[in-house]
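Student: Curious how this folds, go ahead:
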Amino acid sequence: MPGRDFRFTREHLQLAVNNFQPGLPMYREHGTQLIGVGVSQELRQGDDGEWEVFGVFDIYAEPDESDESVLARLGRGISPAFLAIEEDAPKNPALTLGIDSLAFTHQDLKEARAALQEVGVTTYVTWYVQLAAEPQPAVVLHLAQQALAALPPEVWTQLMKTVQEAVVKLIFREPRPTTPTVLRAKFDSGDRLDVSVPPDADPETVDSFFQGLSRVIRASRSRKPRRRRAAK
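Tutor: Presented below is the predicted three-dimensional model:
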């Protein structure tokens with residue numbers, strides 16, 4: 001991939017197919033506008049001998065919308081995005097923070113890792129790789145919902161405070177980006193939160209996002225089954 005300094009192997013592509021889940025959201029230009037969902041994926045070998053991932057998507061459209069209009073909304077094509085899980089990744093982290101591989105630097109990655117090193121749960125900070133030609137800057141959180149819901153309230157509060165401070169430092173660094181930054185959270189339950197942070201925004205935008213995360217976790221706690229004592 002030009003500018004990404006890597007090449008996919010067949011094994012990488014097969015792993016992407018194996019991990020695919022129907023209903024995978026599809027966003028316009030990797031932003032926050034949802035335009036469809038994934039239906040299926042499979043690995044195919046092209047006429048040139050190269051292996052490729054073939055995907056089927058359901059695209060949202062108005063009943064009277066023309067095919068030309070739908071294709072125009074899709075832009076220049078479809079491209080995936082993923083978190084880089086490297087050899088140093090811990091097993092089953094409760095929280096993974098991905099930062100855009102083009103918008104941020106190795107120093108940004110190092111500082112974010114240091115900030116989340118001792119927060120009471122297992123975390124992982126890595127690159128978020130978008131294969132669009134000109135992707136928007138992005139910061140992505142993947143969260144293990146039940147593991148986080150089981151945390152004592154004081155641990156959860158401190159964790160979110162630390163993560164929010166790290167995210168604010170990334171998004172509001174100088175020089176500020178000239179395009180909006182996508183801030184996205186995905187829970188392993190399927191719940192998602194997305195917000196677009198404009199270049200001239202203030203940290204309150206991020207604060208509202210993290211309040212939304214806390215509401216999802218509180219809802220998870222309320223759904224936890226109660227233990228009942230069996231009758232003798």
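
Student: Beta-bridge partners for the spatially most central residue of the chain, please?
Tutor: Closest residue to the average C-alpha location of the chain: Val140 at 4.0 Å, with CA atoms, centre = their mean. For Val140, the beta-bridge partners are Gly98, Arg184 (DSSP bridges).

Student: same deal with Asp194?
Tutor: Taking DSSP bridges, one obtains Arg184 as the residues bridged to Asp194.

Student: Just give me the neighbour total for it.
Tutor: For Asp194, the neighbour count with other CB atoms under 10 Å is 18. Just so you know, the C-beta spots here come from the backbone N, C-alpha and C atoms, and that holds for glycine as well.

Student: residues contacting it?
Tutor: 27, 32, 182-185 (CB atoms under 8 Å, 6 or more residues apart in numbering).

Student: how about 10 Å then?
Tutor: 25, 27, 31-34, 140, 182-186, 209, 212 (CB atoms under 10 Å, 6 or more residues apart in numbering).

Student: Domain map for the protein?
Tutor: 10-74, 81-222 (automatic domain parsing).

Student: would JSON lines of the ones you listed with mean pLDDT be doable?
Tutor: Output for the domains of the chain, formatted as JSON lines (pLDDT from 0 to 100):
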{"stretch": "domain 10-74", "mean pLDDT": "83"}
{"stretch": "domain 81-222", "mean pLDDT": "89"}
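
Student: circling back to that earlier point, turn the contacts of Asp194 into CSV, columns for distance to Ala166 and secondary structure.
Tutor: Formatted as CSV, the contacts of Asp194 follow (distance: CB to CB, whole Å; DSSP: H, G, I helix; E, B strand; the rest coil):
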residue, distance to Ala166, secondary structure
Pro25, 25, strand
Tyr27, 23, strand
Gly31, 22, coil
Thr32, 21, coil
Gln33, 26, coil
Leu34, 27, strand
Val140, 13, strand
Val182, 16, strand
Leu183, 12, strand
Arg184, 15, strand
Ala185, 14, strand
Lys186, 17, strand
Phe209, 13, helix
Gly212, 17, helix
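
Student: Counting neighbours, which of the residues you listed end up buried?
Tutor: Neighbour counting by 16 or more other CB atoms under 10 Å classes 27, 31-32, 140, 182-186, 209 among the contacts of Asp194 as buried.

Student: okay if I get those residues as CSV plus distance to Gly55?
Tutor: Putting those into CSV (distance: CB to CB, whole Å) gives the following:
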residue, distance to Gly55
Tyr27, 14
Gly31, 19
Thr32, 21
Val140, 20
Val182, 21
Leu183, 25
Arg184, 20
Ala185, 24
Lys186, 19
Phe209, 29
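
Student: Nearest to Ser101 among these?
Tutor: The closest of the buried ones among the contacts of Asp194 to Ser101 turns out to be Val140 (CB to CB; 11.3 Å).

Student: so how far is Tyr60 from that closest one?
Tutor: According to CB to CB, to the nearest Å, Val140 stands 22 Å off from Tyr60.

Student: which residues in the protein form helices?
Tutor: All helices of the chain, identified by DSSP state H, fall at 10-19, 67-74, 106-115, 145-149, 153-171, 204-222.

Student: From the chain's centre, how far out is the fifth one? Work that out for me.
Tutor: Distance of helix 153-171 from its chain centroid, counting by CA atoms, centre = their mean, to the nearest Å, is 17 Å.

Student: what do you get for the first one?
Tutor: Once both centres are worked out by CA atoms, centre = their mean, helix 10-19 turns out to sit 18 Å from its chain's centre.

Student: What residues of it count as buried?
Tutor: For helix 10-19, burial by neighbour count (16+ other CB under 10 Å) applies to 13, 16.
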